[in-house]
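**Q** give me a 3D structure for the following:
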Amino acid sequence: DAGFADMSMPCIAVVAIAAADAPAAGTAGIDMPGIFMPAMEAPGADAEALWQYINQDAGFRKWGTWPEFVKLRRSFSPFGFFIRVFVNDVALKSRGNTLPPGSILVREGFGMDTNTYAPNDEVLGYTVMYKIKGFNPAASDWFWAHYTGTGKVVASGAVDQCIKCHDTGRDNDFVLDHKVR
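**A** I've put the predicted structure just below:
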């Protein structure tokens with residue numbers, strides 16, 4: 001089909017240009033032969049953009065965690081009876097008594113079976129701490145975001161409830177249940 005042949009050449013040229021401009025394998029983004037899609041840039045203080053950012057590629061569930069959070073654990077917060085915490089590489093690789101800008105902590109809160117008091121698969125919500133340089137120096141520059149179990153923004157910014165609860169960890173960069181080193 002002559003029409004198909006005419007359309008195939010521009011497509012090949014576009015792929016060749018994209019491949020030539022692509023960064024080396026192993027850099028940020030998706031690198032496949034002939035195709036490069038850059039990773040999203042870290043967002044500013046925007047809860048919806050942050051949700052998109054932490055869910056790109058395989059999402060935050062592929063991130064690591066600190067030893068205290070390897071297993072699902074009981075919580076007495078209003079955001080889930082059981083929690084799992086995910087920590088991005090910026091925070092995991094950090095050394096010092098404060099986490100650097102770009103650190104992201106995601107807390108996934110689960111429901112509880114009323115008959116057995118064991119965790120169930122219902123995600124009640126997500127709480128995210130995202131450190132943005134200069135955002136809120138009084139609270140160590142943490143941007144807070146709370147989402148429903150489906151990712152709808154409930155609250156974000158310098159959220160008083162978050163700051164008041166985490167104030168007990170003020171000497172630990174507002175991080176609870178893990179000693180920042």
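**Q** okay, CA-based contacts and neighbour counts for the rest of this
**A** Noted.
**Q** quick one: strands adjacent to the longest strand anywhere in the chain?
**A** Assignment by DSSP state E gives strand 119-131 as the longest strand of the chain. Applying DSSP bridges, strand 119-131 is found paired with strand 104-112 (antiparallel), strand 142-148 (antiparallel).
**Q** CSV for those strands, including mean neighbour count and mean pLDDT?
**A** Shown next, in CSV, are the strands paired with strand 119-131 (neighbours: other Cα atoms under 10 Å; pLDDT from 0 to 100):
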stretch, mean neighbour count, mean pLDDT
strand 104-112, 23, 93
strand 142-148, 23, 97
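**Q** adding distance to G44 as columns, could you present the ones you listed in CSV?
**A** Formatted as CSV, the strands paired with strand 119-131 follow (distance: least, Cα to Cα, whole Å):
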stretch, distance to G44
strand 104-112, 12
strand 142-148, 9
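**Q** those: which one's closest to G125?
**A** Closest approach to G125 among the strands paired with strand 119-131 (Cα to Cα): strand 142-148, 4.3 Å.
**Q** now do the helix or strand just after that closest one, average pLDDT.
**A** Next along the chain after strand 142-148, taking DSSP states H and E as the criterion, comes strand 153-157. Strand 153-157 carries an average pLDDT of 97.
**Q** same deal with stretch 117-136?
**A** Averaging pLDDT along stretch 117-136 gives 91.
**Q** identify the residues contacting it?
**A** 44-45, 79-82, 99-113, 140-151, 158 (Cα atoms under 8 Å, 6 or more residues apart in numbering).
**Q** and it, what's buried?
**A** P119, V123, L124, G125, Y126, T127, V128, M129, Y130, K131, I132, F135 (16 or more other Cα atoms under 10 Å).
**Q** what two of these are the furthest from one another?
**A** P119 and F135, at 35.2 Å, using Cα to Cα across the buried residues of stretch 117-136.
**Q** show the contacting residues for the residue lying closest to V153 once chain neighbours are set aside.
**A** Leaving aside its chain neighbours, V153 sits nearest to Y147 (4.5 Å; criterion: Cα to Cα, 6 or more residues apart in numbering). Shown in contact with Y147 (Cα under 8 Å, 6+ apart): G125, Y126, T127, V153, V154, A155.
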